[in-house]
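S.K.: My questions are about this predicted structure, shown below with the sequence.
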Amino acid sequence: MEKWMRVALTRAKCALDSGEVPVGCLFIYRDEIIAEGSNIVNETKNATRHAEINCIDEIVAKYRDWRSVFKETHVVVTVEPCIMCASALHNLEIAGITYGCANDRFGGCHSVLDASRFYPKPCPVFSGVFGDEAMNLLKEFYKQTNPNAPENKVKVKKVAA
Amino acid sequence: MTTRKNSDDECEDEQRKKKMKTDDTRKSASDIQWQLKAVLADEVYESVKTDTAVYVTSLTDKSDMSRFIKFLCIEYPIPKLHHLKRVNKSRILLQIVDEVSEDDLKEKLVSEGFKVGEKFEIVHVPSKKPLTRTQYTEANKIWPCSIHENKYLERMLTGDVFNGEDMLKHEKYMQMAVDAAKRGGSCEKVGAVVVDPVLDQVVSDASDDRDKHPLKHATMVAIDLVARSQKGGAWPCSNLDFYLSPETSEPSPKVEHKKRGSNDGENAANSGLPYLCTGYYIYLTREPCAMCAMALVHSRILRTFYGCPSTNGALGTLAKVHLLKDLNHRFEVFSGVLRDKYSLNAEVFEAALLCITRCTVIATALLLDPETREEEENRSDRPLSGLRTATSLLLLQPSRDIQSKTSSFLSSPIRSFLRGTPECDGNLECCDVIF
Ligand SMILES: [Zn+2]
Ligand SMILES: [Zn+2]
């Protein structure tokens, strides 16, 4: 998996350069990359367009029998998938997930919540492959601010409607 | 049932256009027959646990009381039990048992000249501060305590958050979600409608397409259509669905400002331009799964309303993703919109059915209208599910897995539905697994 993680890290660096969250993600099927992606949240104005989601899209478009392809696919991603992506992957009964560093903000494998418990056939999850490298990219990203977020994030006051 | 329009005669587009217009004037709030339930944190519903042992004594010399209390507050503050009063009539709370030995404590008090009781009483008190009136009353029976009463929380608990006008809006939008669910192409019927509550305007209206694409749960589709209304989006809009065109969703700043300003900060996008689902409500026929629930967190939805809980739901059933403390966004969730009316209204009953994720054949319960029957039977292009034409036919087809849990839930609403449906013959032809 190390070889694949190295590729994923390169992709994450590219994402950082283009202003998206530096996450690199590969879907490996029969020792071949069948999808790769990074976040395109800003571009699509859709906060759910994470790397994993984009890859799933790609595979669904590419394979008619995507259901069985997913079952033999291993996901290599630089950062722990968020609760949404982890849920999506467990639901697809993917062969396995390998990630680099933890995702303290949204992590769905162990950091914030373990999504595997919601699914009848959760896939095995491996962590810590080149975790430091992945973490450094993230740190660099969070130093810069997200240009698409509203300038002053007013705390939402709940009004009795 | 008889009042239901025959939707087959109208083209889908026409229907949707009609829906966009408000036609609720005939209805009044007293017609509402469902109950809204807020999905709150577990701790709000917990009963009071007396989990902490404390020493309690009383003074033989009552005139020394105020000096004693002052002394205790300085020498033995108990920040953990800040919600408890120090004095209960003549009894005084001294310290948590685990913090100090009885002998040491007594020695110290005596050395300060206090005449305390021979033996300290040990009382078990609640360590958690009461959050609700109910917890307060319960805790007070054990030891006097204080509460920062949260009026809004109390209203959430009783479901009394919205006025009649709002409730009618919730009903209207949930009805749209039910309609969206019905037109969806996948086996599992789920509908999602995103609304800008300030402008009282639908932003997106989505059906479920998960059979063709595993991510196209109604919620995910609705979120992407919101992005589309902001000139973004990743998926093409299906011709079954709707989104507000970007031109309409960005009204002139002037109007925008005035309208939003009047609602006291409900909309967090201060710039006036919509940002993700900030400030929006989503109406879902059933509780979303973990993926969809988290997608709503990412999208910063303001409130989620759903009809029925679902077995794999993550906004109440398996988890409460909307309340996770580690996340950067939390939101309010209400369930029960349009629920609990199955026996009265076929469409609502459908909403109830939609909450069942994986059921086996419930086969057919039919059907005195032979024409419709034939028509349905000839449709082999896709598996039947749900109530396609509720006026005369109840058809449910197998989906993948069988869950015995859902079957018992299912059987009684279906039976009561049939009893109230004279058009049906009332007989269930069904698979033995279910009934
Ligand atoms: Zn994710
Ligand atoms: Zn879902």
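M.R.: Right, received. Where do you want to start? On a predicted model such as this, the values are computed, not experimentally measured, just so you know. Ligands and ions are numbered 1, 2, ... in the order given.

S.K.: where exactly do the strands run in chain A?
M.R.: Under the criterion DSSP state E, chain A carries strands at the ranges A:25-29, A:33-37, A:73-79, A:96-101, A:125-127.

S.K.: which of these sits most buried?
M.R.: Most buried of those, by mean neighbour count (mean count of other Cβ atoms under 10 Å in any protein chain shown): strand A:73-79, with a mean of 28. In short, each C-beta sits where N, CA and C put it, glycine included.

S.K.: any residue of it up close to ligand 1?
M.R.: No. When contact is scored as Cβ under 5 Å from the ion, no part of strand A:73-79 falls within range of ligand 1; the minimum is 8.7 Å.

S.K.: Not counting its neighbours along the chain, what's nearest B:Leu131?
M.R.: B:Val44 (5.6 Å; Cβ to Cβ, 6 or more residues apart in numbering or on different chains).

S.K.: List the residues that contact the closest residue to A:Leu92 other than its chain neighbours.
M.R.: Leaving aside its chain neighbours, A:Leu92 sits nearest to A:Phe70 (4.3 Å; criterion: Cβ to Cβ, 6+ apart). Shown in contact with A:Phe70 (Cβ atoms under 8 Å, 6 or more residues apart in numbering or on different chains): A:56, A:59, A:92-94, B:214.

S.K.: still on that earlier bit, does the residue nearest to B:Leu131 sit in a helix or strand, and which one?
M.R.: Under the criterion of DSSP states H and E, B:Val44 resides in helix B:42-45.

S.K.: try B:Asp179
M.R.: Secondary structure assigned from DSSP H and E places B:Asp179 in helix B:164-183.

S.K.: got it, and B:Leu296?
M.R.: Once you assign secondary structure using DSSP H and E, B:Leu296 falls within helix B:290-298.

S.K.: how about that helix against ligand 2, any contact?
M.R.: Yes. With Cβ under 5 Å from the ion as the criterion, ligand 2 is reached by helix B:290-298 at B:291-292.

S.K.: Check which helices and strands the following helix or strand past that helix is in contact with.
M.R.: Read in the C-terminal direction, the helix or strand following helix B:290-298 is strand B:303-308, with elements assigned using DSSP H and E. Under the contact criterion of 3 or more Cβ pairs under 8 Å, 6 or more residues apart in numbering or on different chains; DSSP states H and E, strand B:303-308 touches helix B:164-183, strand B:281-286, strand B:332-335, helix B:346-354.

S.K.: circling back: just flag the most distant two among the contacts of A:Phe70.
M.R.: Pairwise distances across the contacts of A:Phe70 (Cβ to Cβ) peak at 13.5 Å, for the pair A:Ile59 and A:Glu93.

S.K.: out of everything not next to it in sequence, what's closest to B:Asp326?
M.R.: Residue nearest to B:Asp326 in three dimensions, not counting chain neighbours: A:Val112, with 4.6 Å by Cβ to Cβ, 6+ apart.

S.K.: That neighbour: neighbouring residues, count only.
M.R.: A count of nearby residues for A:Val112, using other Cβ atoms under 10 Å in any protein chain shown, gives 23.

S.K.: And the pLDDT at it?
M.R.: A:Val112 carries a pLDDT value of 96.

S.K.: cool, B:Asp211 as well?
M.R.: Reading off the confidence values, B:Asp211 has pLDDT 89.

S.K.: That one - that's part of a helix, no?
M.R.: No. In this structure, B:Asp211 is coil, not part of a helix, as judged by DSSP: H, G, I helix; E, B strand; the rest coil.

S.K.: Make sure it is actually in contact with B:Ser186.
M.R.: Yes. Counting by Cβ atoms under 8 Å, B:Asp211 sits close enough to B:Ser186 to count as a contact (4.0 Å).

S.K.: which of the two has more neighbours?
M.R.: Under the criterion of other Cβ under 10 Å, the comparison of B:Asp211 against B:Ser186 puts B:Ser186 first, with 21 against 16.

S.K.: Settle this for me: the more buried one is touching B:His213, isn't it.
M.R.: No. Counting by Cβ under 8 Å, no contact exists between B:Ser186 and B:His213, whose distance comes to 9.1 Å.

S.K.: just to revisit the earlier point, what's around the residue nearest to B:Leu131, how many residues?
M.R.: Neighbours of B:Val44 under the rule other Cβ under 10 Å: 16.

S.K.: ok, which stretches of chain A are helices?
M.R.: A:2-17, A:41-44, A:51-62, A:66-71, A:83-91, A:131-143 (DSSP state H).

S.K.: ranking those helices by burial, who's on top?
M.R.: Among the helices of chain A, the stretch with the highest mean neighbour count (mean count of other Cβ under 10 Å) is helix A:83-91, at a mean of 29.

S.K.: got the CA positions of that helix in PDB?
M.R.: Extracted C-alpha coordinates of helix A:83-91, given in PDB (Å, rounded to 0.1, in the frame of the first residue of the first chain):
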ATOM      1  CA  ILE A  83     -18.200  10.300   8.500                       C
ATOM      2  CA  MET A  84     -20.000  10.800   5.100                       C
ATOM      3  CA  CYS A  85     -17.400   9.200   3.000                       C
ATOM      4  CA  ALA A  86     -16.600   6.400   5.400                       C
ATOM      5  CA  SER A  87     -20.400   5.600   5.500                       C
ATOM      6  CA  ALA A  88     -20.600   5.600   1.700                       C
ATOM      7  CA  LEU A  89     -17.600   3.200   1.500                       C
ATOM      8  CA  HIS A  90     -18.900   0.800   4.200                       C
ATOM      9  CA  ASN A  91     -22.200   0.800   2.400                       C
END
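
S.K.: Wondering if that helix reaches ligand 2 at all.
M.R.: No. Shown here: helix A:83-91 not in contact with ligand 2 (Cβ under 5 Å from the ion), separated by at least 8.0 Å.

S.K.: got the contact list for that helix?
M.R.: A:48, A:50-53, A:56, A:75, A:80-81, A:97, A:106-109, A:112-113, A:115-116, A:118-119, A:121-123, B:214-215, B:289-295, B:297-298, B:314, B:321.

S.K.: what about 6 Å?
M.R.: The set of residues external to helix A:83-91 that reach it, using Cβ atoms under 6 Å, 6 or more residues apart in numbering or on different chains, is A:50, A:52, A:97, A:108-109, A:113, A:115-116, A:119, A:122, B:290-291, B:294-295.

S.K.: In contact with residue 125, which residues?
M.R.: I went with chain A, as the question did not name one. For A:Val125, the residues meeting the contact criterion (Cβ under 6 Å, 6+ apart) are A:97, A:109.

S.K.: oops, chain B please
M.R.: Here B:Val125 is in contact with B:50, B:52, B:54, B:142-143 (criterion: Cβ under 6 Å, 6+ apart).

S.K.: can you tell me how far it sits from chain A?
M.R.: Distance, B:Val125 to chain A, by Cβ to the nearest Cβ, to the nearest Å: 32 Å.

S.K.: ok, now how distant is that residue from B:Leu93?
M.R.: Distance, B:Val125 to B:Leu93, by Cβ to Cβ, to the nearest Å: 8 Å.

S.K.: List phi and psi for B:Ile96.
M.R.: Taking degrees, to the nearest 10, you get phi -70, psi 140 for the backbone angles of B:Ile96.

S.K.: try the one 4 residues further on
M.R.: With angles defined as degrees, to the nearest 10, B:Val100 shows backbone torsions of phi -150, psi 150.

S.K.: what about it, distance to B:Ser58?
M.R.: 18 Å.

S.K.: can you check A:Val60 too?
M.R.: When Cβ to Cβ is applied, the distance between A:Val60 and B:Ser58 equals 73 Å.

S.K.: same check, this time on A:Glu43
M.R.: Distance, A:Glu43 to B:Ser58, using Cβ to Cβ: 71 Å.

S.K.: do the same with B:Ile96
M.R.: The value you get for B:Ile96 to B:Ser58, if Cβ to Cβ is used, is 18 Å.

S.K.: picking that back up, so what's in contact with B:Val125 and B:Leu93 at the same time?
M.R.: Contacts common to B:Val125 and B:Leu93, judged by Cβ under 6 Å, 6+ apart, are B:Val54.

S.K.: Run through the residues that contact B:Ala181.
M.R.: B:189-191, B:285, B:354 are the contacts of B:Ala181 under Cβ under 6 Å, 6+ apart.
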